[in-house]
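Asker: 3D, please:
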Amino acid sequence: MLLQKHPFLTFLIGARASGKSTLGHLLAAKLTFVFVDTDQQIRAISGLEVDEIVARNGWPAFRAQESAVLRECARPRTVVATGGGMVLDPRNCEFMRATGTVVFLDVPAQFLSSRLAADPRALQRPSLTGRSPAEEIAQVLAEREPMYRAAAHHIVNAVRPLPELVREIADIILQPWGSGSM
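Answerer: So this is what the prediction gives:
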């Protein structure tokens, strides 16, 4: 299937708690783009939280729904915050790279752990490993980081103030279209 690159379509990828949703909202507002969070879309469509979907149907069913939502929300002038596991399916990585600009929000495991500890919504996602949150974050990030890096056109150190990150990513997105890939 031949995929079409959409002007200013941006995918934010990274681990859970890397700031994809928070940054995505701010970035879309700055650029007057549409913002889509794939997890929120799944909740809106299914009427269920991620943990409920997984409990009822398993991770493969959730991942299939996640992939479908990714394709549905790919439109020009859109910032898409993906789920942390979006890169597990190589077809999703290929799709994102071919249709938009992919930005990896790089955050070390210790920062992710502290962000999740401070987030009351953190328990809404089922455990992937059965380990403590800190151990799980370190393990999952170690497994997925090579996938995030391979999928990304741009890698951004996301342990910086939000206004700085918004400016940097907006500059990336607004570069003459089609240039600036890694």
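
Asker: what does the model give the nearest residue to Asn157 once chain neighbours are set aside for pLDDT?
Answerer: Here the nearest residue to Asn157 in space, its sequence neighbours aside, is Asp106; by Cβ to Cβ, 6 or more residues apart in numbering that works out to 5.6 Å. Heads up, the C-betas are built off the backbone N, CA and C, glycines and all. According to the predicted model, the pLDDT of Asp106 comes to 97.

Asker: Asp106 contacts Leu165, doesn't it?
Answerer: No - because the distance of 11.1 Å does not satisfy Cβ atoms under 8 Å, Asp106 is recorded as not touching Leu165.

Asker: Overlap of the contact sets of these two?
Answerer: Val156, Ala158 (Cβ atoms under 8 Å, 6 or more residues apart in numbering).

Asker: can you pull out the helices in this structure?
Answerer: 20-31, 38-46, 50-57, 59-72, 90-99, 109-117, 133-151, 162-174 (DSSP state H).

Asker: which stretch among the ones you listed comes nearest Gly84?
Answerer: helix 133-151 (7.2 Å; Cβ to Cβ).

Asker: Name the single longest strand found in the chain.
Answerer: When the chain is parsed with DSSP state E, its longest strand is strand 101-106.
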